[in-house]
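Participant: need coordinates for the following:
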Amino acid sequence: MLHQFLPIGWEPERVTPLMTNGGWLIIAIALGLDVWTFLTLRRHRTTIMPHKAASQLAVDGPFAVSRNPIYLGNVLLCLGIGFVIGSRWFLLMAALLFVLLSELAIKREEAHLEANFPEEWKAYAAKVRRWI
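Facilitator: Just a heads-up that it's a prediction; the model follows:
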C-alpha cells in the first residue's frame, strides 16, 4: 500500500533489466530456500511453527549455512520484490524486517533451543552464523 499511495521507487526509465532479472533471481533463491527448509524440518519431524516447541534440532540442509533460513528467505523475498517492482519501500521493509526478526523472533527462539538442546545448541551456534 505504501508503494501505491506514497511511491518512492525508481523512475520507470531507471529500472533496468538487470534490476528486474536480479530481483526475480533473488525471489527464486528465497522461495527455494524456504522449500528446502520446510522439507528439512519435515524430514526431522519437527515443527515449522515458530510458536511451537521444537522436537529436534535441525543442523543439516539449509541449517548448515544459516541458523534462520526461513527468516533469511523472507528478507530476501522482500528485497527481490522491491527490485522487481522498482519500489524502495520493499528495500526499507526488508531492513526493518531484518531488525524485527532479530529482536522479536530469533532471540526468543534461540533461547528456547538452547534450553531444550543445551549441548547440541552450543556446538551448533558456535559453528553456524545466525543469518549467513
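Participant: helix or strand with the lowest mean pLDDT in the protein?
Facilitator: For the chain, counting by mean pLDDT, DSSP states H and E, helix 2-5 ranks last in confidence among helices and strands (a mean of 73).
Participant: on contacts alone, who are the packing partners of it?
Facilitator: Helix 2-5 is packed against helix 88-100, with contacts defined by 3 or more Cβ pairs under 8 Å, 6 or more residues apart in numbering; DSSP states H and E. To be clear about C-beta, it is placed using only N, CA and C from the backbone, and glycine gets the same treatment.
Participant: thinking again about what came up before, run through who's touching the least confident helix or strand of the chain.
Facilitator: Residues outside helix 2-5 that contact it (Cβ atoms under 8 Å, 6 or more residues apart in numbering) are 9, 85, 87, 89-90.
Participant: kindly report the same for stretch 110-120.
Facilitator: Under Cβ under 8 Å, 6+ apart, the answer for stretch 110-120 is 53-54, 57, 59, 67, 121-122, 125.
Participant: out of the residues you listed, which are buried?
Facilitator: Neighbour counting by 16 or more other Cβ atoms under 10 Å classes 54, 57, 59, 67, 121 among the contacts of stretch 110-120 as buried.
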